[in-house]
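1. can't give you the sequence, but here's the structure:
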DNA sequence: GATGAATGAGTGTTCATTCAT
DNA sequence: GATGAATGAACACTCATTCAT
């Protein structure tokens, strides 16, 4: 009887949780496979094999291939988006906020290079109007960052003649290409310290320019709190 | 007589030239279609229709779809590569050279936005090891730029602690995202002046940073010669 | 109850067996279609339609068209090969063995004229180095038969000046053309007795020559055992 | 003027003759290519390249690919057919006539192995009703030979119980497979003496059987005339 | 829910044939 | 006549999606 109860408990717990697990496993596999072969270069079969589940099961959890990619994107992006938004909305000098954003991006890469690769290579570049409506989400960050820069101009933190949107895209462009250096093997992706140094260089160069960039203490405090004070601004 | 001359002219371009034309027409059509629907989203049929030629003719000039994309890339990239290389190898202060590179990139965009779009969205981001071995060509520019920055460090033009390769990728990342702003409609792609302003902002921000960017005279001389003097450096 | 049993039976053959059935159905359809239109003259679609399955299913069971033909060949040939080999290796006078081989061939034809037709017309004659490596299997029989004749020479059963390999090819050539007479409609393929007479004539003519051929009792015992005794040799 | 006349003469001669030459060159190339890759395995392009003429020229001389094959067949077969018919119609003992037929076949092979290969592998085996209506021509020989054997039965030269048509097909089957031994590399195709020995064995075995075959003088007189007398008849 | 066989529309590619020069 | 670019129908093969078990 106890056994039965336990089994029941186990199963009742499973019902909801085990399914969520399955879903996560498949999503994870999709990230792996997408990052290896690209969205168009892989078949559902590959994802299923990678996840260790049956072919058709993928369709139990995801309506179709596009939705799978969108889910990959959503699950990866949401997290990133939330963190970046937090940095953007923080009430710091724009330099600190830029540093925070860069920090978040590189931290995401350190934790999940594959996932970042897919976000960068697959989702980030699908042709406009493509299946994955990433434009919206991506634009959202850009817009938020634009407003941040706009606000910074009002505060007199950055020159008024700069186009805020362009500042925003440039920021993410610099970050992205910095990460792409690792993704494409131009820099050693397993060297944590190199990642940190790259992060600092990206932030400082973006802020002070190639000619005015200054070295920073290589180890930064975690991006959560009190950063603004601990990092000297401009 | 004029008629005869014309006929002669027409015939003189007959064989070889007209074929080269056809090839160019198809290549051009491929750029159009790729830029609209992406490489995977379009069929050879679409390219043929766009070019106004028969289905099979595409295969007369290109071995297969992959080679078509590669040719699109090659024909677009070569030009760009040559111009960028010229800037990189110019014997100017690094700031002037950076401005030159940015100039070339935006000029390319102004002349052929579609082509740049394809280069950026399709070729530039195909998964490593993909059919289009763009890695080589792309890496080549990065390396050349890296050396430029390395040299600039020796000359004391930029700080020694910066990683030259990272500088290079950041530069192209900034440029690319600056262009992507237009490609994705974040900025108005038909406003030539906006393009020029964006160009200047990209260059100046990259050189002097967000905080130190200064306005520039909006009209720049062509990137070929005498730029170093006419543009105040750092 | 009977119903239940039937259902059970149906289910007991479920997984593996039903798939093997499908495979066999497709293979059979391929034989039909190949025999009607030839390998090059038929499309996968035809095979699918003949088999009553969906287009893509053919590719579920066979890697491609070539493999399909090869499978047709293998499945048809293996059986025949085994039977012929048994005759070749039997410890009888060479005349008995020759009769056995002829018997096997004609029997195969009687059972499955279509299959034999495909073997003869399609597989047997594909250009050397073709997709279907039938050469190996075919050569194997020839070689085995050659050795049989060689051995017969040692035993003094046939003249020493004959080239054993040539004897072997001649034997199969005679058989094949004998069958081809039916395949091509020179003789009536539905007349079982005609088939038997032809079989005997082939064997006797091969053994004793055109000039020395003698009539044989038209009905032969099955080729398995005791033949050597029941049939007078040379 | 003389020059002109000569040129004219040259050209007037050419007009008809040079075209016939071209035609022959293409036909010859077709034989080559068919023998190498088979009818279905080669493209018109291959034939043109082999012949050293332009792509489209093939279509000036032959209506289409099928007609090309048919012409190959016709040009090769006609010759053979005529010679075989001559042998069949000769007023000799059937044994002499059989020897003559075998002789003709092997002679054809010695002169043009490639051509024979094509006749055997391609034309001889296309599915009934195929593009190449070889059936008619082939059947014609078979029928003629059948009548020969029929007549021989009336004369008492061979047993009455044999089916004349089957005798005919067997004869050609034996010959064909004998030649196939060379075509497929089972015997050395460059050894002229081996070819002669094979020829004799084929004839003698067919006539007197495996058990009754007797050696023959290896060198035979040319197959044209007076053979009947010079070759001892059974 | 889990499985993988079954389906069939879609598409790259080939190649016989035509035609303008 | 000679050339080879142009045409487009035909077909093998893929793979997302469905469905019976």
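-> Yep, that arrived. No experiment lies behind these values; they were computed from the predicted model shown.
2. in chain A, which spans are helices?
-> A:2-37, A:44-51, A:58-61, A:65-89, A:94-111, A:113-121, A:134-154, A:164-183, A:192-212, A:227-230 (DSSP state H).
3. phi, psi of residue A:40?
-> Listed backbone geometry of residue A:40 is phi -80, psi -20, with angles given as degrees, to the nearest 10.
4. what sits against it?
-> residue B:40 (CB atoms under 8 Å, 6 or more residues apart in numbering or on different chains). The way it works is simple: take the backbone N, C-alpha and C, and place the C-beta from them, glycine included.
5. can you pull the pLDDT of it?
-> Looking at residue A:40, its pLDDT reads 89.
6. what is the burial count for residue A:210?
-> 26 (other CB atoms under 10 Å in any protein chain shown).
7. same deal with residue A:71?
-> Using other CB under 10 Å, residue A:71 is surrounded by 18 other residues.
8. isn't it up against residue A:62?
-> Yes. With contact defined as CB atoms under 8 Å, residue A:71 reaches residue A:62; the gap is 6.3 Å.
9. quick check: residue A:170 vs DNA strand E, distance?
-> 35 Å (CB to the nearest atom of the strand, to the nearest Å).
10. ok, that residue touching residue A:206?
-> Yes. Here residue A:170 reaches residue A:206: they are 7.5 Å apart, a contact under CB under 8 Å.
11. in JSON lines: the helices of chain A, plus distance to residue D:158 and mean pLDDT.
-> Output for these, formatted as JSON lines (distance: least, CB to CB, whole Å; pLDDT from 0 to 100):
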{"stretch": "helix A:2-37", "distance to residue D:158": "72", "mean pLDDT": "77"}
{"stretch": "helix A:44-51", "distance to residue D:158": "66", "mean pLDDT": "96"}
{"stretch": "helix A:58-61", "distance to residue D:158": "73", "mean pLDDT": "96"}
{"stretch": "helix A:65-89", "distance to residue D:158": "74", "mean pLDDT": "88"}
{"stretch": "helix A:94-111", "distance to residue D:158": "91", "mean pLDDT": "94"}
{"stretch": "helix A:113-121", "distance to residue D:158": "81", "mean pLDDT": "79"}
{"stretch": "helix A:134-154", "distance to residue D:158": "87", "mean pLDDT": "85"}
{"stretch": "helix A:164-183", "distance to residue D:158": "85", "mean pLDDT": "88"}
{"stretch": "helix A:192-212", "distance to residue D:158": "94", "mean pLDDT": "92"}
{"stretch": "helix A:227-230", "distance to residue D:158": "110", "mean pLDDT": "42"}
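12. next up, the contacts around the residue positioned nearest the centre of chain A.
-> Centroid check for chain A by CA atoms, centre = their mean gives residue A:80 as the closest residue, at 4.4 Å. Contacts for residue A:80 (CB under 8 Å, 6+ apart) come out as A:104-105, A:108, A:119.
13. tell me how many other residues crowd residue A:89.
-> Residue A:89, neighbours per other CB under 10 Å, totals 12.
14. rewinding a little: what do residue A:170 and residue A:206 both touch?
-> residue B:205.
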